[in-house]
Every structure is written in structure tokens, then in C-alpha cells.
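> Need coordinates for the following:
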Amino acid sequence: MVALLLKRYLWLIDTLRRSGRGLTLAEINARWTDDGNMLCKDCGGSEIDRRTLYNHRNAIADLFGIEIKVVKAGQYSRYVVEPDAFGNNKILDWLLNAAATENLIVQSYGMSDKILLESVDSGAVHLQTITESLKSDLLIEVDYQSFHLHSSAYNSLKVEPLALKMFKRRWYLLCRKSGTNDMRLLALDRMSDCRITDKRFVYPPDFKPDEYFGNYFGVSMDGYTNTPCKVILRAFYELPRYLESQPLHHTQEIVRHTTEYTEFGYYLIPAFDFVQEILLHGDQLEVVEHQSLRQRIAKILKKSQAFYE
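All right, here's what the predicted structure looks like:
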């Protein structure tokens, strides 16, 4: 019941957000009772009356901090969600996109040969256990196999969960080894088991996951320096437009633009994931600055070229 209510709230937010100018109650119900809306059928198929809409608006304000405004338009009232109401709420964005995607896939199940999806991260099975431990500051026990280990054995670890992070469709757990200050980053798909315990730990009061990852691209922190530095990348062909629409890092800025290329500036720690992202774009991306990073990329490319000679 709770899950269905949450889906109803997300459906209402997303429907009003996409409408732009807002919708009347009749227009909301026209979309709600549409033949393709499986959520409506799961909820019994009945329309949303004015009292139910009032209750939904209050619940949405309490849960998500989003106000659904009522705007008079002639003899009818329109319900509107302002574009800036979402702020930088990434979790809400994820919930809205996931709910919309789920509804689309259910509606289009008969076209499974025409809708191609990536495999779901197998580590997602551990998300509920980890989120429960994050909520209650409870220690967890993890059976874990690192990619860096030479054996196939799993290590049993007791860790204090600090944050969950998704990168390139994989889930990672930032945690601290129990009783130490040793920080670990564990890929959930490398866990064979994850068990919550009844042992509480003290979450670091001043720790902010966003700030912890803020100087990095991705999740890897094995850079050749621990100090953020200025990096300039020169993008060619169609890549500048892509980078403008999908920035690599929150510090990205355009520092130079010509008819042949665009240079983007960053202030970060150029660790493994950032190096891999540069290599991914091949001859469309050149490191102009920082010199150590440029030399590192050149060394990797030279070694790769030797494979084909």
C-alpha cells in the first residue's frame, strides 16, 4: 500500500512537471485513467477526487518539500509544479525517472524486442540491507572479493556504511573499516553476501559524502596526486557540444572556444576514472594542461600503440 502511494505521488509530480503550464483536475484524471497507465489499474482504476488530490499535495510537500500550487484560470483551477521546485535533489530526480521508466516498460512489454536495456547491476540486491544500515548507523558484515586480489577467495569485512554512490550504472559503498579510520570503497556487485548487525557506530558528525567525492571524477581515488589541480582538455569534432550538455565534473567551465575546438577547464584530482574517461574519447580529446597528466596519457597511448605494431 505504501509503495503504491509513493508511486502515485511520483506520478503526480512527474505529470505536472511535464505539463509545463499545469493541469486541471479533469486533465489530471484524463492522464491517470488512460488505458496505458498500469499504475491506475494497480490502484483500482478509480479517478482522483478533489479531496484525494488535496491529501496527495500535502503528502508530497511533507515527503519531498515540493509545493503543488493552485492557480485560478477562469472557472477552473490548475495545479502547477514550478520548474525550480526541485532544486538539486538528485534522489528525487532518480525516483521520478525510475517511476516514469517503469511505467513505460510495463506499457511496452509487448515490444521487448524493440526496447533494449542494459543489464541491471547485480549488486542492487544488497541495496535494501545497506540503506537500512545507513538509516540506523548499524555495522554490516560483507563477504567481498576485490578485483585486485589474485585469488578467488572472498574476504569477510566488518564495515561502517557512510554513503552509497552510483557511477556508470554500478553501485558502490563508501565505508570505514570497523574500529579504524581506514576508508574503503566497495563495489556492491563484488559482494557475495551482506548482513546487517545490531552493533551501532557513531557516524562522523562533520562528514559530507558530496564533499568527499567532490574533488574526483567517478569513484576511484588512486591518483598520482592528492591535491586538486587545474586541468584543461581540448575537445574536437562533436565532443564540445556533448560535454556542454553532459559536464564531466561540477567544476567544468569553457576557457576557450574556436571554430576548430573548445577548451574546458577543471579543478580536480586526476585519478584513474578521469584518466579512463579521457582515453575513452580517443582523438576527440587532448590534455593541454596539467603536464603530468598529459605525460601519463601519452605513456598509456604509446604502450597501447605497441600492441598494434
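> Is the closest residue to Leu95 other than its chain neighbours in a helix, a strand, or coil?
Distances taken as C-beta to C-beta, 6 or more residues apart in numbering put Leu10 closest to Leu95, at 5.6 Å, once the chain neighbours are dropped. (Glycine included, C-beta is placed from N, CA and C.) State at Leu10, reduced to three classes by DSSP: H, G, I helix; E, B strand; the rest coil: helix.
> Any figure for the gap between Leu10 and Met166?
Distance, Leu10 to Met166, by C-beta to C-beta, to the nearest Å: 19 Å.
> domains for this structure, by residue range?
Per the record, the chain has its domains at 2-111, 122-211, 214-306, by automatic domain parsing.
> Let me have those in a markdown table, extended by mean pLDDT and mean neighbour count.
Below are these laid out as a markdown table (pLDDT from 0 to 100; neighbours: other C-beta atoms under 10 Å):
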| stretch | mean pLDDT | mean neighbour count |
| --- | --- | --- |
| domain 2-111 | 78 | 14 |
| domain 122-211 | 87 | 15 |
| domain 214-306 | 92 | 15 |
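> In the stretch 201-309 of the chain, what residue spans correspond to helices?
Taking DSSP state H, counting those that start in this stretch as the criterion, the stretch 201-309 of the chain carries its helices at 209-213, 239-245, 272-280, 291-306.
> Quick one: these as JSON lines, columns for distance to Tyr203 too.
Shown next, in JSON lines, are the helices of the stretch 201-309 of the chain (distance: least, C-beta to C-beta, whole Å):
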{"stretch": "helix 209-213", "distance to Tyr203": "11"}
{"stretch": "helix 239-245", "distance to Tyr203": "36"}
{"stretch": "helix 272-280", "distance to Tyr203": "26"}
{"stretch": "helix 291-306", "distance to Tyr203": "35"}
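> right, and those helices - which one's nearest Asn37?
Of all the helices of the stretch 201-309 of the chain, it is helix 239-245 that lies closest to Asn37, at 30.6 Å by C-beta to C-beta.
> other SSEs contacting the closest one?
strand 261-268 (3 or more C-beta pairs under 8 Å, 6 or more residues apart in numbering; DSSP states H and E).
> got the angle for the strand it packs on vs helix 272-280?
Inter-element angle recorded for strand 261-268 and helix 272-280: 170 degrees (by axes from the mean of the first three to the mean of the last three C-alpha atoms, to 10 degrees).
> In which helix or strand does Cys40 reside?
helix 38-42 (DSSP states H and E).
> My error: substitute Trp171 in the last question.
strand 170-177.
> Dump that strand to PDB, restricted to CA.
The C-alpha atoms that make up strand 170-177 are tabulated as PDB, following Å, rounded to 0.1, in the frame of the first residue of the first chain:
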ATOM      1  CA  ARG A 170      27.400   0.400 -10.800                       C
ATOM      2  CA  TRP A 171      26.700   0.800  -7.100                       C
ATOM      3  CA  TYR A 172      29.500   1.500  -4.600                       C
ATOM      4  CA  LEU A 173      29.500   1.700  -0.800                       C
ATOM      5  CA  LEU A 174      31.800   4.200   0.800                       C
ATOM      6  CA  CYS A 175      32.600   2.800   4.300                       C
ATOM      7  CA  ARG A 176      35.000   2.700   7.100                       C
ATOM      8  CA  LYS A 177      36.700  -0.400   8.400                       C
END
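> Which elements pack onto it?
strand 155-167, strand 183-187, helix 209-213.
> And for it, what's in contact with it?
121, 123-124, 126-127, 130, 140, 157-166, 182-189, 209, 212-213, 219 (C-beta atoms under 8 Å, 6 or more residues apart in numbering).
> what is the orientation angle of that strand with strand 155-167?
Using the same axes, to 10 degrees: strand 170-177 against strand 155-167 is 130 degrees.
> Which parts of the stretch 1-150 of the chain are helices?
Using DSSP H, counting those that start in this stretch, helices in the stretch 1-150 of the chain cover 2-19, 25-32, 38-42, 50-64, 90-107, 127-136.
> could I get these as CSV with distance to Ile196?
Shown next, in CSV, are the helices of the stretch 1-150 of the chain (distance: least, C-beta to C-beta, whole Å):
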stretch, distance to Ile196
helix 2-19, 21
helix 25-32, 38
helix 38-42, 30
helix 50-64, 25
helix 90-107, 21
helix 127-136, 5
